[in-house]
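Participant: Predicted coordinates and the sequence they were generated for:
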Amino acid sequence: MSGEARKVPAAAAIAVSVMVVGLMILGTLCLFLISYVLIGEGGAASFANTFFIQCIVFTSLVGGWLLAGTLLGARRGAREILGLMPVSWSVVLLSALAGALLTFPLGELDNLWQLVWPASSEEAAMMIAVHDPDSAFERVFIILALVAAAPVGEELVFRGFLWTWVRTHAGKTAALVVTAVLFGCAHVFLARTIPLIIPVGFLLGWLVLRTGSVATSIAAHAAFNGTPLLASWSGLVITGWNNVAVEHPHQHPAVLAAGTAVFLACLAGIFVLTRPRPPRIDVPPGVH
């Protein structure tokens, strides 16, 4: 048999992806319920614990996927399957900056969305607890869960092996759409925000599509999760951005415009830096 991947129908590839994400959601909810019974309500720690548990579930599924592929004689290496391909640091840093600045336009979009689907009192209380934790331990746990575990675990799953699987069998467009939608649906415990998370999935998918490396989506995801937290903890509060205690807040138009403009400039920079270069032609000495 050749080393090429065995072809399956595109619908089957998408169905497998949906099944895997369904298992993630089920596993996350089950482990969260177990931790809730054993630990009880924990404010910020309880909220962050969901992401930490989700990372455990994701990592287990990634490991199982790679182990199954190895046992079945897959020819592709783990690095290729997970999208851990090399990419320049300048592109990674621009991706992180884009993720941080995405909080401005998406934060205002969330402000408008709350006019249609307001946040529940429980969700608001959890977000306030995350932005204003009671102890240094909770801050460390939140950083580990939301800025380290969740971005790495989620990106290796969605823009890693699910992206590779769907793209191999159904093409680039299907990979972009399917992984973005499933990424949003995987956040079922924040159901109100699913319509807002799906566009984030498209951006993260575009980064991988453009750069060929999941390192860029991990950097953007981590910066997106961490920037509002670090800003709040350092005393920088922008109404409508990380001041979750305000009812129906909105960002100052100048702040929103500036943040969005720099965000778009970062995407333009990534686009330019990742343009394919024409092949170099070496001219022998003496040839004019």
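Facilitator: Cool, the structure landed.
Participant: Listing request: residues of the stretch 1-150 of the chain with sub-threshold pLDDT.
Facilitator: Within the stretch 1-150 of the chain, the stretches falling below the threshold (pLDDT under 70) are 1-78.
Participant: tell me what the helix or strand harbouring A220 is packed against?
Facilitator: In this structure, A220 is located in helix 214-233 according to DSSP states H and E. Here helix 214-233 touches helix 89-101, helix 103-113, helix 121-131, helix 150-155, helix 194-211, going by 3 or more CB pairs under 8 Å, 6 or more residues apart in numbering; DSSP states H and E. Using the backbone N, CA and C atoms, a C-beta is placed for each residue, glycine as well.
Participant: now the angle between helix 121-131 and it, please.
Facilitator: Helix 214-233 and helix 121-131 are oriented at 90 degrees to each other (axes from the mean of the first three to the mean of the last three CA atoms, to 10 degrees).
Participant: now L236, nearest residue through space, not along the chain?
Facilitator: The shortest distance from L236 to any residue other than its chain neighbours is 7.8 Å, reached at N242 (CB to CB, 6 or more residues apart in numbering).
Participant: What is the neighbour count of that neighbour?
Facilitator: The local packing count at N242 equals 19, with neighbours defined by other CB atoms under 10 Å.
Participant: Equivalent analysis for F202, please.
Facilitator: Taking other CB under 10 Å as the criterion, the count of residues near F202 is 17.
Participant: next one: A129
Facilitator: Applying other CB under 10 Å, we find 20 residues neighbouring A129.
Participant: Also L203?
Facilitator: Taking other CB under 10 Å as the criterion, the count of residues near L203 is 20.
Participant: residues in contact with it?
Facilitator: Contact partners of L203, counting by CB atoms under 8 Å, 6 or more residues apart in numbering, are A98, L102, A220.
Participant: roughly how far apart are the last one and P151?
Facilitator: Noted for A220: a distance of 8 Å to P151, by CB to CB, to the nearest Å.
Participant: The second one now?
Facilitator: L102 sits 13 Å away from P151, going by CB to CB.
Participant: Point out where the stretch 151-288 of the chain drops to low pLDDT.
Facilitator: Applying pLDDT under 70 to the predicted model, the residue ranges of the stretch 151-288 of the chain that meet it are 248, 279-288.
Participant: The helix holding A220 vs helix 103-113, what angle?
Facilitator: Orientation note: helix 214-233 sits at an angle of 70 degrees relative to helix 103-113 (the same axes, to 10 degrees).
Participant: For helix 214-233, buried residues please.
Facilitator: When neighbours are counted by 16 or more other CB atoms under 10 Å, the buried residues of helix 214-233 are found to be 214-229, 231-232.
Participant: Could you do stretch 152-162 as well?
Facilitator: Under 16+ other CB under 10 Å, the buried positions of stretch 152-162 are V152, G153, E154, E155, L156, V157, F158, R159, G160, F161, L162.
Participant: measure R192 to Q114 for me?
Facilitator: Counting by CB to CB, the gap between R192 and Q114 amounts to 8 Å.
Participant: again but with A245, I slipped
Facilitator: With CB to CB as the criterion, A245 and Q114 are 13 Å apart.
Participant: Mind checking which of these two has more residues around it?
Facilitator: Neighbour comparison, A245 and Q114: the larger count goes to Q114, with 15 against 12 (by other CB under 10 Å).
Participant: give me the element the residue nearest to L236 is part of.
Facilitator: In this assignment (DSSP H and E), N242 forms part of neither any helix nor any strand.
Participant: Nothing else from me, thank you.
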